[in-house]
Each structure stands twice: as structure tokens, then as C-alpha cells.
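Asks: The following comprises the amino acid sequence and a computationally predicted model.
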Amino acid sequence: KIDNFVYTNSLASNNWIKPSKNLSLSNSHVIIDLTYDSSKRLTAIGLKMNEKGEPEYDIFKKKTSDFMSEWVQLESNKLIRSLCNDLKDGTLLGCSSYDGQIYSSKNRLLSYGDWYGPINYDIPMRKVMFDKEGFMIGIGLVDNYIYRKKTVYWKESKWDKKNANKTKVYDLIYDKDGC
């Protein structure tokens, strides 16, 4: 059984808890990315191997804002490996597992299946998000370094290769204080 969904009420406690119900996305998916959508519902990317032995990425969302509610699989193109919302206009963005580039939902917040892009083709990323100053940051797909866009206008700006953080990371999340 694949149920890698756990939570904690305090990182300092190091006490990790499995929810009592609705842990798994499905019998064949493992959670590889979690985020909240604009309506504060937990959204996940699930990875499974298809019958050809190739990876497929599916998007799931909690039925309600309660994180113990049921997961609902959404229509998707099987290529988006992580999600985030654009700080400027709330548009849903995704990193493609195919080319590591940033794509945008065609129907803004409503659709997880139709994507356009790549937007501003550059270094392939595993995951993107925004820092507390409003700059897009990302984890490099190949080297796992943290990159930052040169300006807050991420659609026109390139990744800053010179000042990339040379520490390898596999995921990032902001604390409530923005660190």
C-alpha cells in the first residue's frame, strides 16, 4: 500500500502522524509534490509507472479544505511534476516532467489538463515557487541547485546562473515567517 502522506503539528517535536483516513492517492500513486490551490485545498502530484514502465504524473486535489477529506483525481496531461500559483495573477503554473520548463494552465485556475508553454524557455527545473520578495525560485532538474530569476518579472527574466545556490536540495517549502 502506498501511503506516504504524513503531517506534523510542530517540526521541533519531530512527531510525524499519519492521518486516520484518505492517506493514499490511489493503489498505484506515490505523492511527489504537495501544494495548496487558490481555494486552500491541498493538491498533490502523484507518480505511478504505466504498463510500459514509464512514469506518469497525475494531479489530485482534496475534496474539501479538510486535509483528511477524500482525494479526487483531476483530468491532466500526465506530464506536470509540480504546481504553484503565480503571485501576480493567481494563474496555475506547472513544471513539465518532459522538459523541465514552466507551463501555464490555459483556463487559469479551473483546468489542470490544458497547458501552454513553455514560457520563457531556460534552465530545466524540478519545482518552482516564489520567494518572499516576489522573485520566482526553482530547483534545477539536473543539478538540484536553487536558482532565482534575475527580476520579479519571471516571464521575461532568465535564471541567475552566476548566483545560484550551490547546495543540493530536493524540495523547498516556506515557513509561516517567509523563511
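Replies: Happy to help now that I have it.
Asks: residue ranges with poor pLDDT in the protein?
Replies: Segments of the chain classed as low confidence (criterion: pLDDT under 70) are 1-4, 7, 107-113, 175-179.
Asks: Specify the beta-bridge partners of the residue positioned nearest the centre of it.
Replies: The residue lying closest to the centre of the chain (CA atoms, centre = their mean) is Ser82, at 2.8 Å. Counting by DSSP bridges, Ser82 is bridged to Cys95.
Asks: shouldn't it be in contact with Ser96?
Replies: No - Ser82 lies out of contact with Ser96 (CB atoms under 8 Å); the separation is 9.4 Å. In this view, the C-beta of every residue, glycine as well, is placed from N, C-alpha and C.
Asks: hmm, back to that, quick one, what contacts the residue nearest to the centre of the chain?
Replies: Going by CB atoms under 8 Å, 6 or more residues apart in numbering, Ser82 touches 32-33, 35, 45, 94-95, 126-128.
Asks: ok, now how distant is it from Ile102?
Replies: Distance of Ser82 to Ile102, computed by CB to CB, to the nearest Å: 10 Å.
Asks: Now do the shared contacts for those two.
Replies: Common neighbours of Ser82 and Ile102, using CB under 8 Å, 6+ apart, are 94-95, 128.
Asks: TSV please, covering those and showing distance to Lys62 and neighbour count.
Replies: Formatted as TSV, the shared contacts of Ser82 and Ile102 follow (distance: CB to CB, whole Å; neighbours: other CB atoms under 10 Å):
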residue	distance to Lys62	neighbour count
Gly94	18	27
Cys95	21	28
Val128	22	22
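Asks: can those residues go into CSV with extra columns for distance to Ile59?
Replies: Formatted as CSV, the shared contacts of Ser82 and Ile102 follow (distance: CB to CB, whole Å):
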residue, distance to Ile59
Gly94, 9
Cys95, 13
Val128, 16
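Asks: Around the closest residue to Met49 other than its chain neighbours, how many other residues sit close by?
Replies: Among residues not flanking Met49 along the chain, Pro55 sits closest, at 6.1 Å (CB to CB, 6 or more residues apart in numbering). When neighbours are defined as other CB atoms under 10 Å, Pro55 has 13 of them.
Asks: what sits against Pro55?
Replies: By CB under 8 Å, 6+ apart, the contact set of Pro55 is 47-49, 97.
Asks: again, 7 Å this time
Replies: 47, 49, 97 (CB atoms under 7 Å, 6 or more residues apart in numbering).
Asks: Arg81 now?
Replies: Arg81 neighbours (CB under 7 Å, 6+ apart): 32-33, 45, 57, 95-97, 126.
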